[in-house]
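Asks: Give me a model of this one.
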Amino acid sequence: MENIMVAGGAGFIVSNLCDFLLVKGESVVCVGSTIIDPTQDATRFRGC
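Replies: Down below sits the predicted model:
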């Protein structure tokens, strides 16, 4: 298992990358900002 930090995790494409990595069993730290687009929601990654 790798420890992976992903920048831009609140965006659509990168959030799907985080989903993919989590399914593979990787340990993911997802860093993102919703300042530009507050409609993005990465809260589904909490506690994974």
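Asks: List the contacts of N3.
Replies: 26-27, 29 (CB atoms under 8 Å, 6 or more residues apart in numbering). C-beta here means a position set from N, CA and C on the backbone, and glycine is covered the same way.
Asks: Among those, name the ones in helices.
Replies: Per DSSP state H, helices hold no members of the contacts of N3.
Asks: where's the dip in pLDDT among these?
Replies: Ranked by pLDDT, these bottom out at V29 (86).
Asks: So what pairs up with the nearest residue to L21 once chain neighbours are set aside in the strands?
Replies: Ranked by CB to CB, 6 or more residues apart in numbering and with sequence neighbours excluded, the top spatial neighbour of L21 is V28, at 4.9 Å. Beta bridges link V28 to I4 when assigned by DSSP bridges.
Asks: Let me know how buried the closest residue to A7 other than its chain neighbours is, in neighbour terms.
Replies: Leaving aside its sequence neighbours, A7 sits nearest to V31 (CB to CB, 6+ apart; 5.3 Å). When counting by other CB atoms under 10 Å, one arrives at 12 neighbours for V31.
Asks: Helices along the chain, start to end?
Replies: 12-23.
Asks: so where's it uncertain?
Replies: 1, 34-48 (pLDDT under 70).
Asks: that older thread, would you turn the contacts of N3 into JSON lines with distance to N3 and neighbour count?
Replies: As requested, the contacts of N3 are arranged in JSON lines below (distance: CB to CB, whole Å; neighbours: other CB atoms under 10 Å):
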{"residue": "E26", "distance to N3": "8", "neighbour count": "14"}
{"residue": "S27", "distance to N3": "5", "neighbour count": "12"}
{"residue": "V29", "distance to N3": "7", "neighbour count": "12"}
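Asks: Would you tell me which one of the residues you listed comes nearest to I4?
Replies: E26 (5.4 Å; CB to CB).
Asks: The closest one against I4, yeah?
Replies: Yes. The pair E26 and I4 qualifies as a contact (CB atoms under 8 Å) at a distance of 5.4 Å.
Asks: Columns distance to F12 on top of the contacts of N3, output as TSV?
Replies: Below are the contacts of N3 laid out as TSV (distance: CB to CB, whole Å):
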residue	distance to F12
E26	20
S27	22
V29	19
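Asks: Nice, that's everything, thank you.
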